[in-house]
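>>> take this sequence and fold it.
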Amino acid sequence: MKGSKTALISGITGQDGSYLTELLIEKGYVVHGIIRRSSSFNTFRIDHLFKNKDLFNSRFFLHYGDLTDSSNINRLVEKVQPDEIYNLGAQSHVQVSFEVPEYTAEVDGIGTLRFLDAIKDTGLQTRFYQASTSELFGNTQEFPQTEKTPFSPRSPYAAAKLYAYWIVVNYREAYKIFACNGILFNHESERRGRTFVTRKITVAASEIVLGLQEKLLLGNLDSKRDWGYAPEYVEGMWRILQVNEPDDYILATNEAHTVREFVEESFKALGEEIIWSGSGINERGNLKSNGKEVVGINPRFFRPTEVDFLLGNPSKANEKLGWKPKTTFNELVKLMIASDFEKAKLRTIL
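The predicted model follows:
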């Protein structure tokens, strides 16, 4: 559309990509998304957008592509000529990165380089956002973490993202590309993938209460994370590209909670209380109402190297971007539980 900004998004079918697409369309952007070709569809988070006939093929477009294919990335950047590029595509599961470390490095690290090289080679005057991660901080002993805290990655995923972070900084300085890192701490929503611990918990709690699942198995209950609400974080991504000078920003709540607390709040939102017993891999969680054991530990879910505590200081984003998180931890859990409980209830009807 004439006069509209154009955005190109990798990872458009993910949690963040879907929320960002909605935000940009609401702001009048023309949005182009990159999706991988596969034998099964994985577009359920954006189905409502491309099924909108007035929107699809006028302000919303999808292209097949892959972050492992340089020529594909070059063609898309040249064809779309985006005003803004949001690189959200990644192998984003930390535990899985230990199983597929080379693929994780190829997509999460070198994939970012491919985008930057495409921008450099085409000479396109665009703004580039790199989805960075709090996992960069790893086992740092500085709390809370700021943009100046030294990185100490503890997984192939974090190591790949570390390369991506520094190549963004390097190309920004070497080639004057408007390129920024958003160091986002954990952000969840009703659209979070079911393999991630928060959604695994809210789905399981809902199904256990409805009698559809017997037990929830987890790993390290004492891991502490800074959890926020994803729709607010994608608005922060957009704000990062609207300032006059490119820079790197932390988006976080500056409040941390354990996995154990996430479990407790999830069952509490459903009117149940968890009573803990045992310790280590023998720890168990039982419902206070009937004594039933509903939470257990499976050592398989422990990472080879654990990250125990992440807590972000978003003061720079507060001051320079005017961005502040609004949804509290308890509100976040309730939103996710409400959504998953309704979905689980439908299974009892069908």
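
>>> now do the strands in the stretch 251-350 of the chain.
In the stretch 251-350 of the chain, the strands defined using DSSP state E, counting those that start in this stretch lie at 257-258, 274-277, 284-287, 293-297.

>>> Leu221 versus the residue of the chain most remote from its centre, what's the distance?
Residue farthest from the centre of the chain, counting by Cα atoms, centre = their mean, is Asn290 at 36.2 Å. Between Asn290 and Leu221 the computed distance is 22 Å (Cβ to Cβ, to the nearest Å). Quick note: C-beta positions are derived from backbone N, CA and C, even for glycine.

>>> Ile275 too?
In terms of Cβ to Cβ, Ile275 sits 14 Å off from Leu221.

>>> pick out whichever of those two has more residues nearby.
Leu221 (17 against 11; other Cβ atoms under 10 Å).

>>> just to be sure, the more buried one is in a helix?
No - under DSSP: H, G, I helix; E, B strand; the rest coil, Leu221 sits outside any helix and is assigned coil.

>>> what does the pLDDT read for it?
On pLDDT, Leu221 comes in at 97.

>>> so it is in contact with His257, correct?
No - using Cβ atoms under 8 Å, Leu221 is not in contact with His257; the gap is 11.5 Å.

>>> which stretches in the stretch 1-150 of the chain count as strands?
Counting by DSSP E, counting those that start in this stretch, the strands of the stretch 1-150 of the chain are 6-10, 30-35, 60-64, 84-87, 127-133.

>>> only the buried residues of the fourth one, if you could.
For strand 84-87, a neighbour-count test (16 or more other Cβ atoms under 10 Å) marks Glu84, Ile85, Tyr86, Asn87 as buried.

>>> for the first one, give its distance to Asp308.
Okay, so that is Glu84. Going from Glu84 to Asp308 by Cβ to Cβ gives 36 Å.

>>> ditto for the second one
Using Cβ to Cβ, one gets 34 Å for the distance from Ile85 to Asp308.

>>> the last one now?
Shown here: Asn87 relative to Asp308, a distance of 29 Å by Cβ to Cβ.

>>> same check, this time on the third one
According to Cβ to Cβ, Tyr86 and Asp308 sit 30 Å apart.

>>> for Asn42, which non-adjacent residue is spatially closest?
Spatially, and ignoring its direct neighbours in sequence, Asn42 is nearest to Thr13 (5.4 Å; Cβ to Cβ, 6 or more residues apart in numbering).

>>> contact partners for the one you found?
Shown in contact with Thr13 (Cβ atoms under 8 Å, 6 or more residues apart in numbering): Gly33, Ile35, Asn42, Thr43, Arg45, Ile46.

>>> tell me the bridge partners for the first one.
Going back to what we said before, that points to Gly33. When bridges are called by DSSP bridges, Gly33 pairs up with Ile9, Leu62.

>>> and it, how many neighbours does it have?
Neighbour number of Gly33 under other Cβ under 10 Å is 27.

>>> show the pLDDT at the closest residue to Lys326 other than its chain neighbours.
Using Cβ to Cβ, 6+ apart and skipping the chain neighbours, the partner closest in space to Lys326 is Glu232 (6.0 Å). Per-residue pLDDT puts Glu232 at 98.

>>> not counting its neighbours along the chain, what's nearest Gly271?
Of all residues not flanking Gly271 in the chain, Val209 sits nearest, at 7.9 Å (Cβ to Cβ, 6+ apart).

>>> from Glu84, how far out is that neighbour?
43 Å.

>>> what of Arg239?
For Arg239, the distance to Glu84 equals 12 Å [Cβ to Cβ].

>>> which strands and helices sit next to the helix or strand of the chain with the lowest mean pLDDT?
Within the chain, confidence by mean pLDDT, DSSP states H and E is lowest for helix 47-50 among all helices and strands, at a mean of 83. Under the contact criterion of 3 or more Cβ pairs under 8 Å, 6 or more residues apart in numbering; DSSP states H and E, helix 47-50 touches helix 15-26, strand 60-64.

>>> buried sites along the shortest one?
Applying a neighbour-count criterion of 16+ other Cβ under 10 Å, the buried positions in strand 60-64 are Phe60, Leu62.

>>> quick one: it to strand 30-35, angle?
Orientation check (axes from the mean of the first three to the mean of the last three Cα atoms, to 10 degrees): strand 60-64 against strand 30-35 gives 30 degrees.

>>> I'd like the distance from strand 60-64 to the chain centre, please.
Mean-position distance between strand 60-64 and its chain equals 21 Å (Cα atoms, centre = their mean, to the nearest Å).

>>> packing partners for it?
strand 30-35, helix 47-50.

>>> and Ala179, which of the three is it?
Assignment for Ala179 (three-state DSSP): strand.

>>> what about Glu306, neighbour count?
Using other Cβ under 10 Å, Glu306 has 15 neighbouring residues.

>>> my bad, should have said Ile250
26.

>>> can you give me how far whatever helix or strand it lives in is from the chain middle?
Element membership for Ile250, per DSSP states H and E: strand 249-251. Relative to the centre of its chain, strand 249-251 is centred 13 Å away, using Cα atoms, centre = their mean.
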